[in-house]
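Visitor: Kindly generate the corresponding structure for this input.
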Amino acid sequence: MRKPLLLALSLLGLFDSTYLLWVYTSPSSPMICLGGGTGCDTVRASSYSHLFGVPLPAFGVLMYVTLALLILAESLVAAGLAKLIRYVATGIAGAGFLFSLYLSGIEAFVLRAWCTWCMISAGSVTLIFALALSVTVRAEPHPEPQAALVLVRRYFAICVAALVAGTPAFYYLVRSQTLPPPATASPETLLQRLIRPDSHATGNPQAPVTVVEFADFQCAPCELAEPTVRKIRARYGNQIRFVFRHFPLESIHPQAQEAAEASECAAEQGKFWEAAEKLFQRQADLSVPALKRCAGELGLDVTRFSQCLASGETAARVRRDLEDGRALGVRATPTFFVGRKMIEGLIELAEFSRLVEQELGRAGTTVAPARMQPTSPVARMGSMPSTAPGSLGNRGVGFFTQLQSSPLGCSEEDASQPEPRLIGTPEARQLFEASPRALFVDVRQPKEFESGRIRGAINLPLDKVEKPGNNLPKDRSIVLYESGESSGDVCAASRAAGRVLLRNGFSTESVRVYQDGLAGWEKAGLPVER
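Guide: Numbers count the residues shown, from 1 in each chain. You can find the predicted model right below:
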């Protein structure tokens, strides 16, 4: 009975891995996560979902197919070869068990998210390993020809049953749509939860227009938005009040929560804004040691800062911001509230200025932009209390009626969007050397591009990718890349740019994201330009 069960478990694992491979590699409907939640999408979106540029489920498919074939073959060969097959199958199952244990640890302690499909696969390979080990240790005798024929018939029946049950189940899974509609907030909720009396604010507390940003320190688009935000604060001076709220997307950014807590610990020593600017600049490493180094560079009392961070005393404040954001319908970072408008994702300076001046005009204020300052506005900032809980100035929030949306943001739902294929250095090199050569597109900012780039690459920053005039050819392979100094999660600029291109009609076969980036390219000794 053990051997038929081994085959059934192998087929279950094969079904599971095949579905995972399909959703990992196709621009399809959202992934169905059994039991609800977003854990499956979080795991799929993480940098741990691929190995050497290959989706992890592909290795699962290969393993389960091999195990199923070995189980079938064992009953059809001579006793000596059957014994060898048992040892090989047990070894493969053992390797799969150890690797699934490692991946479960990643989900539990790094991503802090559980994928039900991954757990099914882990459970299947664990049972397969246990059963295969028991069969090998017990050294069951090789079946006689008649008994072997009966066993093969059982195997055939199991395969037919799996096909009959699996085909409609797979069809259902790939055809289902599960994206939840965005939440909307009432004017009363906006009034109560958009701004708290102790929210971090800079500018004029009595300003007629308030700009609120919900951000995540580990979010690449948030960092890209910072130069524009600083220019807006400097340009409009005392005509606006700017408020910062935390919205750490911890399921896809495991260091975001602690980074937010660290900024609050810095705020206790009067340096919230300085800490926020530095944290955005240090996104590649927001580990506890790195946070402490930042504290030292800011001139904080590092001992006091470390005690604050270790105690978790600021976690409640960060969670309150997150809960307020969710109640307001925030689902991506950065999200801005400009007067009556809510905007998701990056905003160009001209559009941001238009929105601010539009609100100033509604408030009856003459637009007189302040003189631009050459120095960083951080030096002039401090936390100022709101005039009243939820205050937005003279216009209030009762007129909140419009939502503007940009795809260039960072959201837990990004994991469910069509994704470009991720590649490593070997495949990027092949595309570079192929004829015709792929077009390499550096999505970093121009200053970074000028300091060094892959030979022949063009520069198209993330915030320019969606422009109709980007002139990227649709009949040529496009390889998007950035520095390669960070892990490149779902919110990375290169992956966000890839999703934009897929939405704009580019095929999944023509768009690639080079995960190793410039750093990996240089490490491999491949040609660069400076």
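Visitor: Return the distance of Ala108 relative to Val43.
Guide: 11 Å (CB to CB, to the nearest Å). C-betas here are computed from N, CA, C, even on glycine.
Visitor: Overlap of the contact sets of the two?
Guide: Residues touching both Ala108 and Val43 by CB atoms under 8 Å, 6 or more residues apart in numbering: Trp114.
Visitor: which of those two has more neighbours?
Guide: Between Ala108 and Val43, counting by other CB atoms under 10 Å, Val43 is the more crowded of the two (27 against 11).
Visitor: Next, find the distance separating Gly296 from Leu309.
Guide: Distance from Gly296 to Leu309, by CB to CB: 13 Å.
Visitor: If you count surrounding residues, which of the two has more?
Guide: For Gly296 versus Leu309, the count of surrounding residues by other CB under 10 Å is larger for Leu309: 21 against 11.
Visitor: pLDDT wise, what is that one at?
Guide: We have a pLDDT of 95 for Leu309.
Visitor: ok, now how distant is it from Tyr102?
Guide: Leu309 is 29 Å from Tyr102, by CB to CB.
Visitor: mind checking which helix or strand of this protein has the lowest mean pLDDT?
Guide: The weakest-scoring helix or strand in the chain, judged by mean pLDDT, DSSP states H and E, is strand 402-405 (a mean of 44).
Visitor: heading toward the C-terminus, what's the first helix or strand past it?
Guide: Going down the chain from strand 402-405, the next helix or strand is strand 410-411, by DSSP states H and E.
Visitor: Rounded mean pLDDT for that following strand, please.
Guide: 73.
Visitor: Name the residues that touch it?
Guide: By CB under 8 Å, 6+ apart, strand 410-411 touches 216, 219-222, 249, 252, 331-334, 344, 490-491, 496.
Visitor: on contacts alone, who are the packing partners of the helix or strand harbouring Gln430?
Guide: For Gln430, the host element (DSSP H and E) is helix 425-433. Judged by 3 or more CB pairs under 8 Å, 6 or more residues apart in numbering; DSSP states H and E, the packing partners of helix 425-433 are strand 478-481, strand 511-514, helix 517-523.
Visitor: List the neighbouring strands of the next helix or strand after it plus their orientation.
Guide: Sequence-wise, the next helix or strand downstream of helix 425-433 (DSSP H and E) is strand 439-442. Sheet partners assigned to strand 439-442 using DSSP bridges are listed as strand 458-459 (parallel), strand 478-481 (parallel).
Visitor: May I see these organised as TSV, with mean pLDDT added?
Guide: Shown next, in TSV, are the strands paired with strand 439-442 (pLDDT from 0 to 100):
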stretch	mean pLDDT
strand 458-459	94
strand 478-481	95
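Visitor: any idea which of the ones you listed is most buried?
Guide: Of all these, strand 478-481 has the most neighbours on average by mean count of other CB atoms under 10 Å, namely a mean of 26.
Visitor: Which two of the contacts of strand 410-411 have the greatest separation?
Guide: For these, the farthest-apart pair by CB to CB is Ala220 and Arg331; their separation is 16.8 Å.
Visitor: Can you pick out the residue with more neighbours from those two?
Guide: Ala220 (28 against 19).
Visitor: So the more buried one sits against Ala256, correct?
Guide: No - in this structure, Ala220 is not within contact of Ala256 by CB atoms under 8 Å, at 11.7 Å.
Visitor: pull the CA atoms of the helix or strand Arg233 falls within into CSV?
Guide: Arg233 belongs to helix 220-236 when elements are defined using DSSP H and E. Extracted in CSV, the C-alpha atoms of helix 220-236 (Å, rounded to 0.1, in the frame of the first residue of the first chain):
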residue,chain,number,x,y,z
ALA,A,220,11.7,52.1,-4.2
PRO,A,221,9.1,54.4,-5.7
CYS,A,222,8.9,56.3,-2.4
GLU,A,223,12.6,57.0,-2.6
LEU,A,224,12.1,58.1,-6.2
ALA,A,225,9.4,60.5,-5.1
GLU,A,226,11.5,62.2,-2.5
PRO,A,227,13.2,64.8,-4.7
THR,A,228,9.8,65.9,-6.0
VAL,A,229,8.4,66.1,-2.5
ARG,A,230,11.4,68.2,-1.3
LYS,A,231,10.9,70.6,-4.2
ILE,A,232,7.2,71.0,-3.5
ARG,A,233,7.9,71.7,0.2
ALA,A,234,10.6,74.3,-0.8
ARG,A,235,8.6,75.8,-3.6
TYR,A,236,5.4,76.5,-1.6
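Visitor: and the helix or strand following it, which strands flank it?
Guide: Sequence-wise, the next helix or strand downstream of helix 220-236 (DSSP H and E) is strand 240-246. Note on strand 240-246: by DSSP bridges, its sheet partners are strand 200-203 (antiparallel), strand 209-215 (parallel).
Visitor: how many neighbours does the nearest residue to Leu322 once chain neighbours are set aside have?
Guide: Closest residue to Leu322 in three dimensions, ignoring its sequence neighbours and counting by CB to CB, 6 or more residues apart in numbering: Phe247, at 5.8 Å. Using other CB under 10 Å, Phe247 has 26 other residues around it.
Visitor: can I assume Phe247 is in contact with Phe214?
Guide: Yes - the pair Phe247 and Phe214 passes the contact test of CB under 8 Å, sitting 4.0 Å apart.
Visitor: can you list residues touching both of these two?
Guide: Contacts common to Phe247 and Phe214, judged by CB under 8 Å, 6+ apart, are 321, 325, 330, 333, 335.
Visitor: Name the member of those residues with the shortest distance to Arg235.
Guide: Thr335 (20.9 Å).
Visitor: Provide a list of residues in contact with that closest one.
Guide: Counting by CB under 8 Å, 6+ apart, the residues that Thr335 touches are 213-214, 247, 325, 342-345, 409.
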